[in-house]
Structures are given as structure tokens and as C-alpha cells.
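> turn this into a model:
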Amino acid sequence: MSKADSHDGNGIKIIARNRRARHEYEILERWEAGLVLRGTEVKSLRAGKANLQDAFARFHDGELYLHNLHISPYESGNQFNHDPVRTRKLLLRSGELRKLFGQVELKGLTLVPLDLYFKNGVAKATLALVRGKKLHDKRETLKRKTMQREMERGYKGG
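Numbers count the residues shown, from 1 in each chain. Predicted coordinates for the structure are as follows:
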């Protein structure tokens, strides 16, 4: 089963996950946002050709845009194929945009995409409001995960 074929139980087809963001940042809040895409981008996403590794969201003129999301060019495309790392507009309600703008601009937090998926045939992204972790926080998280894993192994064995 390929990455593009993984399904959630609610008609959600997951395209890509940003595992690195979960390790690098402390996640404070999450939002679901729509994406404005071109035809060949949608076809490429359906084939599972996306990378969220260095992607982030930023405000420009009161609207939210996703930067550095890499969607590979569609293999069967022609001269009208899209630019793989072009800036893409995110769709959120105006109240959500105002709230996010305040959090990002005043508190110095960052918006990163965690997941890219199709929900009932529409491309969506899970955006997270995050704060960067320090090195000692990352170590603490790893210790906690290791201890939890050891405890689970102990329960299974006994």
C-alpha cells in the first residue's frame, strides 16, 4: 500500500505527513484549511507526489499563503504543468484568519502544515500553530517516549 493509498475511516485520503514538524515544534493549536490548486497539481497530489518537509504558512495582504510545499510536476502534463514550489493560497474563514494573524504577528509563533489530504475529494491541509522546541525539550520528549515504550513492553511480557 503506497502513501497515497492510506485512508482514514472518514473518507479522508492522506497524501503526506510532516513528521519532522512534530519533532521540531511544540504544537499549540490545529486548523483545517483548503488549498487553491491548479489542475496538474491536483492530479499529482492524487498520485501522492507531495513533500511538506520545509513548508510553512505566512500572511501577505491579510491572506494566508503556503510556502515551500513541493508538489512534483504531473508526469503526463504538458507545457501547462505547474511550478513545483509555487506559493499556494490557503482558505480559512475570516474570523480564523484574524485570530491566527494575532497569534503569529504578536506572539511570534509559526504556522506549519502537519498533513496534506483529500477530504471528500477536496484537497485540505492541517495547519498547526507552533512554537520551536529547544534542544533540551527534544531530548525530554525522546526520554518520555522511550520510557513509555519500555513500560508497554513490560506490561506485554508480564
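> any chance you could map the strands in this protein?
12-17, 25-35, 50-51, 56-60, 63-67, 70-71, 88-91, 110-119, 122-132 (DSSP state E).
> chain center to the fourth one, what's the gap?
Which is strand 56-60. 13 Å (Cα atoms, centre = their mean, to the nearest Å).
> contacts for it next, please.
64-68, 90, 100-101, 104-105, 110-113, 127 (Cβ atoms under 8 Å, 6 or more residues apart in numbering). For every residue, glycine as well, the C-beta is placed using N, CA and C.
> for the least confident helix or strand in the chain by mean pLDDT, name the packing helices and strands.
In the chain, no helix or strand scores lower on mean pLDDT, DSSP states H and E than helix 135-157, which sits at a mean of 79. The contact analysis (3 or more Cβ pairs under 8 Å, 6 or more residues apart in numbering; DSSP states H and E) places helix 135-157 against helix 19-24.
> which of the residues in the helix it packs on are buried?
A21 (16 or more other Cβ atoms under 10 Å).
> packing partners of that helix?
strand 110-119, strand 122-132, helix 135-157.
> ok and the first one relative to strand 63-67, angle-wise?
Using axes from the mean of the first three to the mean of the last three Cα atoms, to 10 degrees, the inter-axis angle of strand 110-119 relative to strand 63-67 is 80 degrees.
> quick one: strand 110-119 to chain centroid distance?
3 Å.
> again with the second one
How far strand 122-132 lies from its chain's middle: 5 Å, per Cα atoms, centre = their mean.
> where's Q103 relative to L37, distance?
Separation of Q103 from L37 (Cβ to Cβ, to the nearest Å) stands at 26 Å.
> show residues contacting the least confident helix or strand of the chain.
H23, E24, E26, K133.
> run through this protein and note the low-pLDDT ranges.
Low-confidence segments of the chain (pLDDT under 70): 1-10, 77-80, 82, 156-158.
> switch to 80 and redo it
The chain contains residues with pLDDT under 80 at 1-11, 23, 39, 74-85, 103, 105-108, 132-138, 155-158.
> off-centre distance for stretch 20-34?
For stretch 20-34, the distance to the chain centre is 7 Å (Cα atoms, centre = their mean).
> same thing with stretch 148-158?
32 Å.
> and if you look at stretch 14-27?
For stretch 14-27 - counting by Cα atoms, centre = their mean - the centre lies 7 Å from the chain centre.
> with stretch 107-118 instead?
Distance, centroid of stretch 107-118 to centroid of chain: 5 Å (Cα atoms, centre = their mean).
> right, I'll leave it there.
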